[in-house]
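Student: How does the following fold in three dimensions:
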Amino acid sequence: MDNPQSSNQTPGWERQTLEKLAFASLQEQRARRRWGVFFKLLGFAYVAFILAAVVNWGSETDQQQRHTALVNLNGVIQAKGEANGERLVEALNSAFKADNAVGIILRINSPGGSPVQAAIIHDEIRRLRGKYPDKPLYAVVEDICASGGYYVAVAADKIYVDKASIVGSIGVLMDGFGFTGTMDKLGIERRLLTAGDNKGFLDPFSPQMPQQREHAQLLLNDIHQQFIEVVKNGRGERLKEASDTFSGLMWTGRQSVERGLADGFGSVDTVARDVIQAEKVIDYSVRENFAERFARRFGANTFTSFWNGFFESATTAPPLR
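Tutor: Model prediction:
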C-alpha cells in the first residue's frame with residue numbers, strides 16, 4: 001500500500017532543496033568575498049594614511065627650485081625630546097647642503113632646556129655658517145625664545161621677533177624639592193649610604209649641606225658665565241648691555257629689539273620674502289616617525305617616568321630655563 005504522505009510530495013523536491021542549499025552557500029561566499037574586499041581596502045587606506053603622514057612626497061621636486069629652508073625648534077630642549085641636538089643638527093645640515101636653498105630660517109618656540117643640548121645646536125650653527133658663508137641663517141621667534149632657546153638664537157646672523165614675543169631669561173637654574181620636614185612629621189627615617197662624602201649631592205630626602213649648596217652655586221655661575229659669553233659673542237656691538245641684561249629677566253619682542261637682543265620684527269613668511277628674497281619655504285625639520293611617537297607616548301610607565309625625572313632633577317646638569 002502506498003504511503004499517503006509520500007504521495008503528497010512535490011515531484012523533484014530533493015532537487016529543489018539542493019538548489020536552495022547551493023544558492024544559500026553561494027550567497028554566503030559572495031558575502032565573505034565582499035567583506036574580504038572591504039577589509040583589504042580598509043587596510044590599504046590605513047597604510048596610505050600612514051605614508052601620507054610620514055612621507056613628504058613632493059619635497060624632492062620642490063627642492064629643485066630656489067627656496068628658503070626652514071628648521072623648527074619647538075618645545076623644551078632636551079636629549080630625549082623632540083628638540084634635541086641630534087635631530088636639530090641633522091636638519092640644519094640638510095638645509096645648508098641643499099643646493100637651491102639660498103637661506104635658512106630657524107623658527108624658535110622654546111622656553112629653554114638643557115645647556116648641553118643648546119650648546120650642541122649653537123656650535124653647529126656657527127660651524128655651518130663658516131662652512132657656507134653665502135647662506136645666511138636667521139632666527140625667527142614666535143611665542144617664546146627664552147634661556148636655552150635664546151642661547152641657540154644668538155648663533156644666527158640676525159634675530160627677528162614679533163612685538164609680543166617673550167625673549168631673554170639669560171640665566172641658569174637648578175631646581176628640586178626638600179622633604180626632610182615632611183619626613184620628620186611622618187616619622188620616616190632616611191637611610192642613605194655613600195662611598196664619597198658628596199655622592200648624595202643635593203639629595204632631596206636629606207638636609208641640605210652648606211658646602212654642597214656652595215658647590216652647586218659654583219656650577220651655576222660657571223654655566224651662566226658661558227651663557228653670557230655666548231650672547232656677547234653672538235650679538236657683538238648690537239647688544240645694549242645694561243645691569244639687568246644677564247639677570248634672568250625676560251622682555252617683550254619690542255623691548256628685546258630696543259635692548260639689542262633682537263634685530264627687528266618679522267615672521268617666517270616676511271623674512272623669507274623680504275630678507276632672503278626666496279618666498280617659497282621648504283621645511284627640513286626632522287620629525288618623529290609613527291613608531292617613535294607611539295613609543296614616547298605609551299612605551300614608558302608614566303609613574304616610573306615621573307619619579308625618574310624627579311630624582312634626576314637633583315643630580316643632572318641644570319636646565320637653561
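
Student: Which residues belonging to stretch 130-140 are considered buried?
Tutor: 135-140 (16 or more other CB atoms under 10 Å). All C-beta atoms are positioned from the backbone trio N, CA, C, and that covers glycine.

Student: Please identify which of those is nearest to R32.
Tutor: Of all the buried residues of stretch 130-140, V140 has the smallest distance to R32: 57.1 Å, by CB to CB.

Student: List of residues touching the host helix or strand of that closest one?
Tutor: For V140, the host element (DSSP states H and E) is strand 137-146. By CB atoms under 8 Å, 6 or more residues apart in numbering, the surrounding residues in contact with strand 137-146 are 103-112, 125, 128-129, 152-153, 155-162, 165-169, 250, 253, 262, 266-268, 271, 275-276, 321.

Student: Would you mind checking the residues you listed for buried ones?
Tutor: Buried among these by 16+ other CB under 10 Å: 103-112, 125, 128-129, 152-153, 155-162, 165-169, 250, 253, 262, 266-268, 271, 275-276, 321.

Student: I'd like the distance from the helix or strand harbouring Q255 to the chain centre, please.
Tutor: Using DSSP H and E, Q255 sits in helix 253-258. Offset of helix 253-258 from its chain centre (CA atoms, centre = their mean, to the nearest Å): 27 Å.

Student: That helix packs against which elements?
Tutor: Helix 253-258 is packed against strand 158-161, strand 166-168, strand 264-265, with contacts defined by 3 or more CB pairs under 8 Å, 6 or more residues apart in numbering; DSSP states H and E.

Student: I'd like to know which elements the helix or strand hosting Q29 is packed against.
Tutor: According to DSSP H and E, Q29 maps onto helix 13-54. Contacts defined by 3+ CB pairs under 8 Å, 6+ apart place helix 13-54 against helix 290-298.

Student: what's the spacing between stretch 99-109 and its chain's center?
Tutor: With CA atoms, centre = their mean, you get 18 Å for stretch 99-109.

Student: what's the answer for stretch 233-247, then?
Tutor: 29 Å.

Student: For that stretch, buried residues please.
Tutor: Buried residues in stretch 233-247, counted by 16+ other CB under 10 Å: 234-235, 239, 245-246.

Student: pLDDT at I166, what is it?
Tutor: Note for I166: predicted pLDDT of 97.

Student: oh, I was asking about E28
Tutor: Predicted confidence (pLDDT) at E28: the value is 76.

Student: residue contacts, V71?
Tutor: 88, 91-92, 95, 104-107, 283-285.

Student: beta partners of it?
Tutor: Using DSSP bridges, the beta-bridge partners of V71 come out as L106.

Student: out of the contacts of V71, who's nearest I228?
Tutor: Using CB to CB, L106 is the member of the contacts of V71 that sits closest to I228, with 21.5 Å.

Student: quick one: that closest one and P136, what's the gap?
Tutor: L106 sits 11 Å away from P136, taking CB to CB, to the nearest Å as the criterion.

Student: Equivalent analysis for L219, please.
Tutor: Distance from L219 to P136, by CB to CB: 36 Å.

Student: where along the stretch 51-200 of the chain do the helices fall?
Tutor: Remark: helices assigned in the stretch 51-200 of the chain by DSSP state H, counting those that start in this stretch are 59-63, 85-97, 115-131, 148-153, 180-186.

Student: got the ones you listed as a markdown table, with mean pLDDT and distance to E19 columns?
Tutor: As requested, the helices of the stretch 51-200 of the chain are exported to a markdown table (pLDDT from 0 to 100; distance: least, CB to CB, whole Å):
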| stretch | mean pLDDT | distance to E19 |
| --- | --- | --- |
| helix 59-63 | 61 | 60 |
| helix 85-97 | 96 | 67 |
| helix 115-131 | 97 | 76 |
| helix 148-153 | 97 | 78 |
| helix 180-186 | 78 | 83 |
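
Student: Leaving out chain neighbours, which residue sits closest to the residue most central in space within the chain?
Tutor: Nearest to the mean C-alpha position of the chain, counting by CA atoms, centre = their mean, stands E82 at 2.4 Å. Nearest non-adjacent residue to E82, counting by CB to CB, 6 or more residues apart in numbering: G75, 5.7 Å away.

Student: who touches that neighbour in this structure?
Tutor: For G75, the contact set (CB under 8 Å, 6+ apart) comprises 81-83, 109-110.

Student: could you redo the last one with a cut-off of 10 Å?
Tutor: Taking CB atoms under 10 Å, 6 or more residues apart in numbering as the criterion, G75 is in contact with 81-83, 109-111, 113, 149.

Student: Ok, D134 next?
Tutor: D134 neighbours (CB under 10 Å, 6+ apart): 102-103.

Student: and the gap between it and V231?
Tutor: Where V231 is concerned, D134 sits at a distance of 26 Å (CB to CB).

Student: can you check N198 too?
Tutor: The value you get for N198 to V231, if CB to CB is used, is 31 Å.

Student: Cool, thanks, talk later.
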